Structure formats: C-alpha cells, structure tokens
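In: predicted model, plus sequence, below.
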Amino acid sequence: MKRGRLPLTALRSFEVAGRLENFTLAAQELFISQAAVSRQIRELEALLGEALFERRHRSVHLTASGARLLAILTLSFDRIDECLEEIRGRPATAAVTISAEPSFAACWLVPRLPEFRERHPEIDVTIDSDPRLVEFRSGQAEIAIRHSAVATAWPRTESEHLADVRMVPVAAPPLLKAGPAIDCPEDMLRHTLLHEETRDVWFRWFQTAGTAMPETARGPVYADSGLVMQAVLRGQGIALMDDIFAEEEIRAGRLLRLFDLAIPLGAYWLVARSFERLTPAALLFVRWIRSRIEG
C-alpha cells in the first residue's frame with residue numbers, strides 16, 4: 001500500500017483500541033465517540049480483508065493479525081512521539097517520573113527517597129502512586145514498580161526482578177506490653193489481626209506454622225499495606241508485613257518481628273518500555289533502587 005493512501009486515522013484508533021482492548025477506553029483517550037472508533041476499525045478491517053478483533057459480549061480481543069499489526073504500530077507511534085519530543089527539546093532540569101504500587105510507594109520508596117535526592121539534587125522526582133499498569137506514553141512515567149504474585153512480564157515492556165515478597169508477623173512494642181504475652185503462634189490469636197485486602201494470607205501463615213486459624217479471628221481488612229502499616233504502628237493489632245517494608249521500622253524499634261517464619265507472596269518488578277533507552281535521570285534512579293534493595 002502506498003504511503004499516501006495509508007489510513008492513518010483508522011490506524012491510530014486501532015492502536016489505542018488494541019493496546020487497551022477496549023473501544024470505550026480508546027474513545028476516551030482519543031476524545032472521540034465509541035461509534036467513531038468502531039467505525040474506523042471496521043473500515044480498516046474491510047480495507048485489509050482481515051478481522052483484527054474477536055468481538056465478544058461486552059469485550060474485544062485481538063486476533064493473530066491484530067496482535068501483529070499492533071506490535072508494529074505501537075513501536076512506530078512511540079518512535080514518532082520520542083522524535084517529536086527530542087525536536088521540541090528536553091526541559092533544562094533533569095526529571096524522572098516513577099509509577100509505583102501505592103503500598104510500595106508509601107512503605108518503602110517515600111521513606112528512602114531523600115537518600116536519592118541527596119545523591120542527585122539536580123533530579124526532580126515525581127511519584128505517581130497508582131496500581132494500574134502504566135502505558136509509558138509521552139508525559140507519563142518512565143519507570144514502573146509493580147507487584148505480582150505470578151506474572152514476570154507485561155506486554156510491550158521489559159521487566160527486571162526487584163525483590164521477593166516475604167510476609168512476616170510484626171507488632172508495635174506498646175501492644176505487646178499491654179496485651180497477652182506471645183510465646184507461640186497460637187498466642188497471636190488472642191490479639192486483633194490486621195489484614196490486607198483479604199484474610200487469606202493470615203490463614204496461609206498459620207497453616208504453614210501448623211496452627212489452625214479459627215473463623216472468629218477476623219480483624220479489620222485494609223485496602224493496602226500502607227494502611228496496615230499505619231494501623232500496626234499505632235498498636236491496633238498484629239500485622240503480616242512484607243519484610244522489606246518492615247525492616248526500617250524494626251531497626252528503629254517501632255515494630256518487633258514476632259517469629260522468623262515468613263511466607264512468599266510474589267515479587268516486585270522494575271518495568272520500563274526499554275531499559276537501554278531510559279533517560280540519564282531514570283537510569284540513575286534504576287541504579288540507585290537496585291543497589292538500595294540489594295544492600
């Protein structure tokens with residue numbers, strides 16, 4: 001097909017719809033109607049004589065041909081965008097935006113960020129605390145920190161293992177002084193247990209410890225580890241915390257690790273569109289966080 005006849009508008013609509021696998025969200029990103037997105041994609045399919053989506057009830061999924069075309073389009077549009085940004089010129093001040101899981105941002109990154117700023121005061125850091133996967137489009141985060149229990153890679157990105165998640169029981173010293181003594185795992189059941197999202201992790205921990213956790217041992221459920229951390233520091237109960245989140249509080253004496261037993265719960269990953277193509281500021285951040293986690 002000659003370049004002068006390329007259906008650029010339809011290709012743009014297809015790229016967004018394919019990347020999101022959702023016509024409604026594509027319409028929102030493009031600031032057009034869903035009907036317009038659907039019409040442009042159907043016209044593109046008619047031009048190619050090939051279906052690009054499998055249309056199901058309330059969902060669409062890329063066909064093999066659609067996935068092949070999407071990979072080329074996304075890379076091409078990203079390269080065009082990067083070139084335009086270079087022509088416009090980069091800001092004089094070095095800057096990097098990090099998309100991080102809210103729990104990781106609150107419990108690990110924010111407390112240690114002054115260390116990075118002290119080393120690199122010339123770099124402005126923006127933390128975007130959002131559990132959603134970032135698409136690494138222009139103006140968005142350059143690096144993401146994501147947690148997953150099973151996933152190790154995400155489409156159109158590169159990922160690097162950052163840290164394993166190991167859940168350990170912790171409590172604030174005032175709680176232990178005021179409440180029943182804890183000499184064995186069963187003793188924790190006489191205290192309030194704090195939960196993140198579900199009560200399943202505590203059930204797993206007690207099962208691994210060889211103790212049955214009764215249904216009556218319920219306790220409050222919080223949306224993320226940041227809220228659990230605030231509750232346990234205030235002596236509101238005993239929590240299972242990621243050991244990399246709790247290490248600084250334990251070292252400072254604000255929390256006590258009750259038992260050595262830890263259970264795995266996935267891992268944290270560094271994610272980027274391409275680690276080789278990171279800006280100098282982003283590369284310095286990646287080097288710092290690698291060394292800080294390992295150290």
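Out: Perfect, I can see it now.
In: so Leu194: helix, strand or coil?
Out: strand (DSSP: H, G, I helix; E, B strand; the rest coil).
In: correct me, but it touches Val232?
Out: Yes: using Cβ atoms under 8 Å, Leu194 is in contact with Val232, at 5.8 Å. Every residue, glycine included, has its C-beta placed from N, CA and C.
In: identify the contacts common to those two.
Out: 238-239 (Cβ atoms under 8 Å, 6 or more residues apart in numbering).
In: OK, contacts around the residue nearest to Ala246 when sequence neighbours are not counted?
Out: Using Cβ to Cβ, 6 or more residues apart in numbering and skipping the chain neighbours, the partner closest in space to Ala246 is Val170 (5.1 Å). Each residue near Val170 by Cβ under 8 Å, 6+ apart is listed here: 232, 238-241, 246, 249-250, 255-258.
In: can you turn the buried part of those residues into a PyMOL selection?
Out: Applying 16 or more other Cβ atoms under 10 Å to the contacts of Val170, the buried members can be selected in PyMOL as follows:
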select buried, resi 232+238+239+240+241+246+249+255+256+257+258
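In: closest to Pro264 out of the contacts of Val170?
Out: Ranked by distance to Pro264 (Cβ to Cβ), those are led by Leu240 at 12.0 Å.
In: now the element after the helix or strand in which that closest one is found, going C-ward?
Out: Here Leu240, judged by DSSP states H and E, is contained in strand 238-242. Remark: after strand 238-242, the chain's next helix or strand is helix 243-251, criterion DSSP H and E.
In: what mean pLDDT does that next one have?
Out: For helix 243-251, mean pLDDT rounds to 93.
In: do the same with stretch 279-295
Out: For stretch 279-295, mean pLDDT is 90.
In: give me the residues contacting it.
Out: Here stretch 279-295 has contacts from 90, 94-96, 98, 112, 115-116, 119-120, 123, 125, 142-143, 145, 162-163, 244, 270, 272, 275, 278, using Cβ under 8 Å, 6+ apart.
In: quick one: buried ones out of those residues?
Out: 94-96, 98, 116, 120, 123, 125, 142-143, 145, 162-163, 244, 270, 272, 275, 278.
In: helices - which of those residues land there?
Out: 116, 244 (DSSP state H).
In: in strands, which of the buried ones among the contacts of stretch 279-295 fall?
Out: Among the buried ones among the contacts of stretch 279-295, the members found in strands (DSSP state E) are 94-96, 98, 123, 125, 143, 145, 162-163, 270, 272.
In: switch the residues you listed over to JSON lines; also include pLDDT and distance to Ala105.
Out: Below are these laid out as JSON lines (pLDDT from 0 to 100; distance: Cβ to Cβ, whole Å):
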{"residue": "Ala94", "pLDDT": "78", "distance to Ala105": "21"}
{"residue": "Ala95", "pLDDT": "86", "distance to Ala105": "17"}
{"residue": "Val96", "pLDDT": "90", "distance to Ala105": "14"}
{"residue": "Ile98", "pLDDT": "93", "distance to Ala105": "8"}
{"residue": "Ile123", "pLDDT": "91", "distance to Ala105": "17"}
{"residue": "Val125", "pLDDT": "93", "distance to Ala105": "11"}
{"residue": "Ile143", "pLDDT": "93", "distance to Ala105": "12"}
{"residue": "Ile145", "pLDDT": "94", "distance to Ala105": "8"}
{"residue": "Leu162", "pLDDT": "93", "distance to Ala105": "13"}
{"residue": "Ala163", "pLDDT": "93", "distance to Ala105": "14"}
{"residue": "Leu270", "pLDDT": "94", "distance to Ala105": "14"}
{"residue": "Ala272", "pLDDT": "91", "distance to Ala105": "17"}
